[in-house]
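Q: turn this into a structure:
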Amino acid sequence: MRKRLLLALTALICITVASIAVLVGLRVSSVKSPTRPASSATSSPSVRQAISPLPPVSAKKAIVYLYYYLWWTPGHWAAKLGPEYPLAKSVPPIPGTSDATGCNPKVNYSGATIVDLPAAGLYNQNDAATYAAQIAEAAQAGVTGFLVSWQGTGLTSQSIGSSGYDQRLALLVAAVDTYNRSSPADPFHLALALSAFGDYTRPANAIVADLSYFAKTYGTNPAFQNIYSSHPVVILMDSRKYSVATVKAVWTAESAAIYLIGDETPQSWIRDAPYLDGSSYYWSSENPATNDRAGSDLVALADQVHGDGKTWFAPFIPGYDTQLVGGTCVPRNGLQTLTETWNTNAVSQPNGWFGISWNEFVENTYLQPSEAYGSRYLAQLQRLIEGRA
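A: Numbering: from 1, shown residues only. Presented below is the predicted three-dimensional model:
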């Protein structure tokens, strides 16, 4: 009798332990990000462990960085508004109009290549006071941070005073640090977009010099903290257009100091994957209304990036119009393009988003509140970030 009781008790304990194990397994699997088959690249030295698990792609609040440009100085505004624009007026007039779709621009002043202005007026990014309001505005909408477009002098001897871009980057970083000290519960962060500015033959040593200066100056600055790595997130813009030797040289020199993201396509990723921590795709002219491959192309790239165990950032835009400078137009159609590019590209299951853009007024991808549109695009982005749209 005693033997039978012992056997029954032993069996009951085994069943209980097994049940607990199953429940624990179910609990863990329910919060893991979707996984894809890993390729042989997963064991490559270029795959690095994030400082915390990457965010689930189905997370309620998305991680969103917006491209942020540092060229809006009085001289740049004057060049884009044309020689007839009355810059001296205390209230700058609207330089032009677009039609109801956001295309077919008409200018009110000869030589103008922009038709809208920031709601805050013609700000000067050489002025430290410019940044605080924009940081607060973006943060209040749920934006994670700015992906700041920058290029240094390419010299190992550069410093904060070496160029206007170096100076403006320093002002932006200082403004973010100031904001975060006053709002520690809701910090705002930066990532870096190292721009080629169209020069894809730029020597690798110049790119490395820029990134070395950046890492030494800002590598431990809290403004660049992120969930992906203990190093700043840096996207090498148009990485696919550089030679593979250049991409490899950048990785070899700087991978210990930065978290290097590419700007790739499904084809170029195969070439560059060993030298990158992840990828996005700067697709500022994407039009999901006319391109039925828009979503599938992004998914193909995302599958490759995720399959290699790396980080994928999906792009999105509110619209795009370069007709005044000889280009084409992707209509905004109210909030339709913004919402559709978000929903279309969400299928790629991103670990984060790179939005195009906060303040590019020539290409008309801006989400920053403006005279023509008010805050409607930033409000819609907030709804998308929070999963309410």
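
Q: Gly352 versus the residue nearest to Gly355 when sequence neighbours are not counted, what's the distance?
A: Residue nearest to Gly355 in three dimensions, not counting chain neighbours: Leu66, with 4.4 Å by Cβ to Cβ, 6 or more residues apart in numbering. For the C-beta atoms, the positions are set from N, CA and C on the backbone; glycine is no exception. Leu66 sits 12 Å away from Gly352, going by Cβ to Cβ, to the nearest Å.

Q: now do the SS call for the residue nearest to Gly355.
A: Under DSSP: H, G, I helix; E, B strand; the rest coil, the three-state class of Leu66 is strand.

Q: for it, which residues make a bridge with it?
A: For Leu66, the beta-bridge partners under DSSP bridges are Phe146, Gly355.

Q: for stretch 232-250, list the C-alpha coordinates in PDB.
A: What follows is stretch 232-250, C-alpha atoms only, in PDB (Å, rounded to 0.1, in the frame of the first residue of the first chain):
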ATOM      1  CA  PRO A 232      25.100  55.400 -31.000                       C
ATOM      2  CA  VAL A 233      23.000  54.200 -33.900                       C
ATOM      3  CA  VAL A 234      24.500  55.500 -37.100                       C
ATOM      4  CA  ILE A 235      23.000  55.000 -40.600                       C
ATOM      5  CA  LEU A 236      25.500  55.200 -43.500                       C
ATOM      6  CA  MET A 237      23.200  56.900 -46.000                       C
ATOM      7  CA  ASP A 238      23.300  55.400 -49.500                       C
ATOM      8  CA  SER A 239      25.600  52.600 -48.200                       C
ATOM      9  CA  ARG A 240      24.600  50.500 -51.200                       C
ATOM     10  CA  LYS A 241      26.000  53.200 -53.600                       C
ATOM     11  CA  TYR A 242      29.500  53.000 -52.000                       C
ATOM     12  CA  SER A 243      32.000  50.400 -53.000                       C
ATOM     13  CA  VAL A 244      32.000  47.300 -50.800                       C
ATOM     14  CA  ALA A 245      35.600  48.100 -49.900                       C
ATOM     15  CA  THR A 246      34.400  51.400 -48.400                       C
ATOM     16  CA  VAL A 247      31.700  49.900 -46.400                       C
ATOM     17  CA  LYS A 248      34.100  47.200 -45.100                       C
ATOM     18  CA  ALA A 249      36.700  49.900 -44.200                       C
ATOM     19  CA  VAL A 250      34.100  51.800 -42.200                       C
END
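
Q: from the chain's centre, how far out does that stretch sit?
A: The chain centre lies 16 Å from the centre of stretch 232-250; the measure is Cα atoms, centre = their mean, to the nearest Å.

Q: stretch 164-173 too?
A: 19 Å.

Q: give me the buried positions along it.
A: Tyr165, Asp166, Gln167, Arg168, Leu169, Ala170, Leu171, Leu172, Val173 (16 or more other Cβ atoms under 10 Å).

Q: by contact count, what packs against the one helix or strand the third one maps to?
A: When secondary structure is defined by DSSP states H and E, Gln167 falls within helix 164-182. Secondary structure elements in contact with helix 164-182, counted by 3 or more Cβ pairs under 8 Å, 6 or more residues apart in numbering; DSSP states H and E, are helix 129-140, strand 145-150, strand 189-194.

Q: before we move on, back to that, contact partners for the residue nearest to Gly355?
A: Leu66 is in contact with Ala138, Val143, Gly145, Phe146, Leu147, Phe354, Gly355, Ile356, Ser357, Trp358, Leu367, counting by Cβ atoms under 8 Å, 6 or more residues apart in numbering.

Q: now with 7 Å?
A: The contact partners of Leu66, by Cβ atoms under 7 Å, 6 or more residues apart in numbering, come to Ala138, Val143, Phe146, Leu147, Gly355, Ser357, Trp358, Leu367.

Q: so how far is Pro184 from it?
A: 22 Å.

Q: what of Gly154?
A: 36 Å.

Q: the two - which one has more neighbours?
A: Under the criterion of other Cβ atoms under 10 Å, the comparison of Gly154 against Pro184 puts Gly154 first, with 15 against 7.

Q: which residue packs closest to the more buried one, ignoring adjacent ones?
A: Ala206 (3.2 Å).

Q: what do you get for Trp71?
A: Gln125 (7.5 Å).

Q: neighbouring contacts of the helix or strand containing Val234?
A: Using DSSP H and E, Val234 sits within strand 233-236. Outside strand 233-236, the residues within contact range by Cβ under 7 Å, 6+ apart are 147, 191-194, 211, 226, 250, 258-263, 280.

Q: what mean pLDDT does it have?
A: Strand 233-236 shows a mean pLDDT of 98.

Q: ok, it: who's next to it in the sheet?
A: strand 189-194 (parallel), strand 259-263 (parallel).

Q: tell me the helix or strand right after it.
A: helix 244-254.

Q: so how far is Asp272 from the residue nearest to Gly154?
A: Counting by Cβ to Cβ - Ala206 and Asp272 are separated by 19 Å.
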